[in-house]
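J.: here is a sequence together with a model predicted from it:
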Amino acid sequence: MKKFVIITDFLFFIILVILLSEAINGEVIEDEKSQKDPIIEKIREAMELSYQMDRERSEKVFDEAINKWPDDPEPYLFKGGLYLNMFQNLNNTTEEEVERLKEKILFFNNKAIEVAHKQIKTNPDDEGAQYCLGGATGNIGRFYILNGQMWKAFWKGKKGYKILKKIVDKDEEYHDAYLGLGIYNYFSAIMPKFVKALSFLLGGTTGDKDEGIRQLELVRDNSSLLSVEARKILLRTYRGEEDWDGFYHNSKWLAEHYPENIYFQVPYVYGLTQNKQISDAKNHLNSVNAMLQNDPSRLARDMRVKYCRYVGLLHYKLGDYAKSEQSYMKALELSRDVFPPTRIWGEDYYYLAASNARLEREKEAFKYLRKAIDKEWKIDNLENLPEWKPYKQNREFLLIIGKIDN
């Protein structure tokens, strides 16, 4: 059991590296603004197409940028990032397709590093080139994670953080750099003690949750290229802090701005549910299911886990406890096969327990209630809630919720 906990904590640390590597996607310094604007606009066009789920056109626009500006590292960096995101969201893909995608990831990110090095050699103070160097290094680190090469991934992620910090120390208005710093600050602060100790020994910091969220919101409100990425990550931080208003507004913005993107539509079901707009959440779920042709397996596995969790909560709020229990059990089943693992929250275990309580399955209800409490899920006066009232005199239940001593 202790070995499992250590492994789980280490995987949590690896997830932090993934998130950090996602943050490093490029920006420009103010002195080169007039020269860089056409490149930035072209990259933004390609990114918008990718958010609209038009990957083929996105690739073509990136190719146009590379052909027009072959000596600039940014188009290579962002195209490498596009393929990396595609790789992370693979679903029902042949082995040959996977290998081709791996080759593209490595080619474009290594090309970005090569071109960035040339620019830095000519101008050591070129922050744009330094940022691309860090971004491509981070992308390769993220690629190592997805291939199970953990230590290589860690060192790449750490190097990327140092580059970001160095840039911000020189230029506080370099807004895009705050994305990586915000991720690092937030997720470092919530890491388990074992991982914090490891990070400290390897030269990391303990982080700061509030500062991390502030930095991510700074990127959301000011970044030229990474505002959407900041919103995606803020969904995770708002969820972790149970800031349901923040989650609702962020998920609403993404869903409304990119109606074609199923990966932005799914979280909005949860946002509406947490905002107590149950009827709207049900209607939106119907729209999501129509997009999926009533087949959630069309989603990448990581998003499928979230879909099942979100639907489980909605079904519970609608009073359909059997469907809620089924959805949460499916989320648990799928989460075991995702790498890096998708987190199961105390909330998920609680509503799985509550669904079983409503269905009068005492053994299962108590089993998952223990898991919820182990994950620090707390509700005041739990024994007075409708789902638990039948167990108010049950000794095992009272032991679980700490009302009596063993």
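T.: Received the coordinates, thanks.
J.: need the helices for the stretch 201-350 of the chain, in chain order.
T.: Counting by DSSP state H, counting those that start in this stretch, the stretch 201-350 of the chain has helices at residues 209-222, 227-240, 244-257, 262-274, 278-291, 301-318, 321-335, 346-358.
J.: to residue 86, which of those helices lies closest?
T.: With CB to CB as the criterion, residue 86 lies closest to helix 262-274 of the helices of the stretch 201-350 of the chain, at 12.0 Å. All C-beta atoms are positioned from the backbone trio N, CA, C, and that covers glycine.
J.: now what about that closest one, what contacts it?
T.: Residues outside helix 262-274 that contact it (CB atoms under 8 Å, 6 or more residues apart in numbering) are 51, 53, 89, 235, 244, 247-252, 254-255, 257-259, 278, 280-281, 284-285, 287-288, 291-292, 298-299, 303, 306-307, 309-311, 313-314, 317.
J.: got the angle between that helix and helix 278-291?
T.: On the basis of axes from the mean of the first three to the mean of the last three CA atoms, to 10 degrees, helix 262-274 is oriented at 160 degrees to helix 278-291.
J.: render the CA-only coordinates of helix 262-274 in PDB, please.
T.: Extracted C-alpha coordinates of helix 262-274, given in PDB (Å, rounded to 0.1, in the frame of the first residue of the first chain):
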ATOM      1  CA  ILE A 262     -16.500  18.900 -28.100                       C
ATOM      2  CA  TYR A 263     -13.600  19.100 -25.600                       C
ATOM      3  CA  PHE A 264     -14.900  22.600 -24.700                       C
ATOM      4  CA  GLN A 265     -18.500  21.500 -24.600                       C
ATOM      5  CA  VAL A 266     -18.200  18.700 -22.100                       C
ATOM      6  CA  PRO A 267     -16.900  20.800 -19.200                       C
ATOM      7  CA  TYR A 268     -19.800  23.200 -19.600                       C
ATOM      8  CA  VAL A 269     -22.200  20.400 -18.500                       C
ATOM      9  CA  TYR A 270     -20.300  20.400 -15.200                       C
ATOM     10  CA  GLY A 271     -20.200  24.200 -15.000                       C
ATOM     11  CA  LEU A 272     -24.000  24.400 -15.500                       C
ATOM     12  CA  THR A 273     -24.600  21.700 -12.900                       C
ATOM     13  CA  GLN A 274     -22.400  23.300 -10.300                       C
END
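J.: that one to helix 301-318, inter-axis angle?
T.: Going by the same axes, to 10 degrees, helix 262-274 makes 30 degrees with helix 301-318.
J.: still on that earlier bit, now distance to residue 190 too, for the helices of the stretch 201-350 of the chain, in JSON lines please.
T.: Formatted as JSON lines, these follow (distance: least, CB to CB, whole Å):
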{"stretch": "helix 209-222", "distance to residue 190": "7"}
{"stretch": "helix 227-240", "distance to residue 190": "7"}
{"stretch": "helix 244-257", "distance to residue 190": "16"}
{"stretch": "helix 262-274", "distance to residue 190": "20"}
{"stretch": "helix 278-291", "distance to residue 190": "27"}
{"stretch": "helix 301-318", "distance to residue 190": "19"}
{"stretch": "helix 321-335", "distance to residue 190": "19"}
{"stretch": "helix 346-358", "distance to residue 190": "14"}
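J.: which one of those helices lies closest to residue 70?
T.: The nearest among those, by CB to CB, is helix 227-240 at 25.6 Å.
J.: so what does the closest one touch, helix or strand wise?
T.: helix 2-23, helix 177-189, helix 209-222, helix 244-257 (3 or more CB pairs under 8 Å, 6 or more residues apart in numbering; DSSP states H and E).
J.: recalculate using a threshold of 10 Å.
T.: In terms of contacts (3 or more CB pairs under 10 Å, 6 or more residues apart in numbering; DSSP states H and E), helix 227-240 is packed against helix 2-23, helix 33-51, helix 177-189, helix 209-222, helix 244-257, helix 262-274.
J.: that older thread, now list the buried members of the contacts of helix 262-274.
T.: 51, 235, 244, 247-251, 254-255, 258, 281, 284-285, 288, 292, 299, 303, 306-307, 309-311, 313-314, 317 (16 or more other CB atoms under 10 Å).
J.: and the closest residue in space to residue 217 that isn't next to it in sequence, how far from residue 305?
T.: Spatial nearest neighbour of residue 217, chain neighbours left out: residue 234 (7.0 Å); criterion: CB to CB, 6 or more residues apart in numbering. Distance, residue 234 to residue 305, by CB to CB, to the nearest Å: 19 Å.
J.: repeat for residue 334
T.: 5 Å.
J.: check residue 47 too.
T.: 26 Å.
J.: so where's the stretch 151-300 of the chain shaky on pLDDT?
T.: 191-206 (pLDDT under 70).
J.: list the helices and strands the helix or strand hosting residue 97 packs on?
T.: Taking DSSP states H and E as the criterion, residue 97 maps to helix 95-122. Applying 3+ CB pairs under 10 Å, 6+ apart, one finds that helix 95-122 contacts helix 55-68, helix 73-88, helix 127-146.
J.: got JSON lines for the ones you listed, with mean neighbour count too?
T.: Shown next, in JSON lines, are those (neighbours: other CB atoms under 10 Å):
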{"stretch": "helix 55-68", "mean neighbour count": "16"}
{"stretch": "helix 73-88", "mean neighbour count": "25"}
{"stretch": "helix 127-146", "mean neighbour count": "26"}
